[in-house]
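# Structure here, sequence nowhere to be found:
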């Protein structure tokens, strides 16, 4: 037993010397470069992003609590409470999460529903739906079949679309104000 203890003791005392003497070549050390990273920015960034998809924790840092609940957890803001309900300035409404252009103020109207309403989503080419920054998908979450409106680029929940809107589309894009930011039209 004492012989075994001596062997273990010898291994434990010589192992650090072996590890310390095993240095990488100096050329490897001179090629290393370091950069200063602030601890707060480092820990706020996700280390597991894939294809620019942000994690829930990332969105919580970027968005207000209400914006997070509506856009990432697919909730709905209270009717008649949004900043853009009666907003009438000329410009473009963008996704609060990724800043993609979604709706023009030219397509906005007062539907009386309590949420900003638009009769069409913006498209780069009027006849090309693939050039639109919103996607539609079935939503059965409220016990009824509805059509959810989401951002094509970041999957943010924006609201719902209904087939009771004005001409020419007959659609009512019923959108949560907190899911939007507004950029005024250039003056001049």
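Good, I have the coordinates. Model, not experiment: these values are computed from the prediction.
# What ranges in the chain fall below the confidence cut-off?
For the chain, the stretches flagged by pLDDT under 70 are 1-53, 124-129, 188.
# the strands in it, which residues?
Counting by DSSP state E, the chain has strands at residues 91-95, 101-104, 108-109, 117-118, 134-139, 146-151, 157-162, 172-175, 180-184.
# right, so of the ones you listed, which gets closest to residue 79?
strand 172-175 (9.7 Å; CB to CB). Just so you know, the C-beta spots here come from the backbone N, C-alpha and C atoms, and that holds for glycine as well.
# Next, the residues that contact that closest one from outside, please.
With contacts defined as CB atoms under 8 Å, 6 or more residues apart in numbering, strand 172-175 is touched by 93, 102-103, 111, 113, 115-121, 134, 149, 158-166.
# next one: stretch 177-188
Contacts to stretch 177-188, defined as CB under 8 Å, 6+ apart, come from residues 64, 66-67, 70-71, 77, 81-85, 87, 89-97, 99, 102-103, 105, 115-116, 156-159.
# Go ahead and confirm residue 82 touches residue 176.
Yes. Between residue 82 and residue 176 there is a contact under CB atoms under 8 Å: 6.6 Å.
# So between these two, which is more surrounded?
residue 176 (26 against 20; other CB atoms under 10 Å).
# Alright, that wraps it up for me.
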